[in-house]
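S.K.: next comes the sequence, and after it the predicted model I'd like to discuss.
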Amino acid sequence: MSVSIATWNINSVRLRMPIVRKFLKQHEPDILCLQETKTPDEFFPREEFRKLGYEHIALHGQKGYHGVAVVSRRPIESLSKDRFCDKDDARHIAVNFKKGKGLSENFTLHNFYIPAGGDIPDPELNPKFAHKLSFLDELLQCPANRDAASGRNSILVGDLNIAPLENDVWSHKQMLKVVSHTPVEVEKFTRAQESGRWIDVMRGFVPNEEKLYTWWSYRAADWLASNRGRRLDHVWASPSLQGAAQEMKILSKARGWERPSDHVPVIVKFDL
DNA sequence: ATGACCGACCATGTCGGA
């Protein structure tokens, strides 16, 4: 049986409901993971998602900043929220799905919003970059990583705010000192990924030699013409799910929708 | 730095995004 999972940094879920609705109607993923919902849980538009068929909702939001959510057509068995860097800043939620009714495996889905890291790529000068590096250190040690490496069916998605490979950015050379592609954060990112033995699902469909982006800056006059994007959003699968991903789609056209997010949805269909 | 932007908030500027 197949399960399609989408991830999308929505940059305010309440403001973006018209395009969320459009996306869900057109693509009908089973599960949608959102980041940067920017709302306390009591103001999350639950009823609108229910009307669209997404009755099962797990929230970890807060006022104004960050915030992650999972909305699902399949029942959510349980959920958990991890803290990173001793902060309550709503950057993670995990949900468990139980096998049955067409799902042949249990699995855990982690939804992350990793700190952006500010402008200056120096942890001594920039506390936001220091926070990002600490977050990556904790990611390496976290239970999700251990569980994935030790055989639990796990999928990790989200805005990880790092473009690790040369062709995950428009110009590797010009981006080496730009936060999201600096060697120090890419190294920590890769070490965390390797320690969980995570599979880079998106790159399983598109070779490393090809450009792959999920984000285009709001500042470009014409995002499509300049096409200076980055792959900041990721889908990882545990080694136990090797071969389970059947299809992957980056909905680049959503960057051109009305009042868009600067990130676009990534959808992966898994055989589970 | 490509960057002439975008969103939330006790707002008319400041912070965070990346």
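M.R.: Structure's in. What do you need?

S.K.: quick check: phi and psi at A:His66.
M.R.: Backbone torsions for A:His66, taken as degrees, to the nearest 10, come to phi 50, psi -140.

S.K.: and the closest residue to it other than its chain neighbours, what pLDDT?
M.R.: Spatially, and ignoring its direct neighbours in sequence, A:His66 is nearest to A:Ala90 (4.7 Å; C-beta to C-beta, 6 or more residues apart in numbering). C-beta coordinates here come from the backbone N, C-alpha and C atoms, glycine included. Looking at A:Ala90, its pLDDT reads 95.

S.K.: tell me the contacts of A:Ala90?
M.R.: A:60-62, A:65-68, A:81, A:113 (C-beta atoms under 8 Å, 6 or more residues apart in numbering).

S.K.: among those, which two are most distant?
M.R.: A:Tyr65 and A:Lys81 (15.7 Å; C-beta to C-beta).

S.K.: which residues are in contact with A:Gly53?
M.R.: A:24, A:73.

S.K.: so how far is A:Gly102 from it?
M.R.: From A:Gly53 over to A:Gly102 the distance is 16 Å, taken as C-beta to C-beta, to the nearest Å.

S.K.: how about A:Ala254?
M.R.: For A:Ala254, the distance to A:Gly102 - C-beta to C-beta - is 28 Å.

S.K.: so between those two, which is more surrounded?
M.R.: Taking other C-beta atoms under 10 Å, A:Ala254 and A:Gly102 do not tie; A:Ala254 has more neighbours (18 against 10).

S.K.: report how many residues lie close to A:Trp236.
M.R.: A:Trp236: 24 surrounding residues under other C-beta under 10 Å.

S.K.: repeat for the one 3 residues further on
M.R.: One way to gauge burial is a neighbour count; for A:Pro239, by other C-beta under 10 Å, it gives 15.

S.K.: residue numbers of the stretch 51-200 of chain A in contact with DNA strand B?
M.R.: Residues of the stretch 51-200 of chain A lying close to DNA strand B by C-beta under 7 Å from any atom of the strand are A:63-66, A:115-119, A:128, A:159, A:161, A:170-171, A:174-175, A:177-180.
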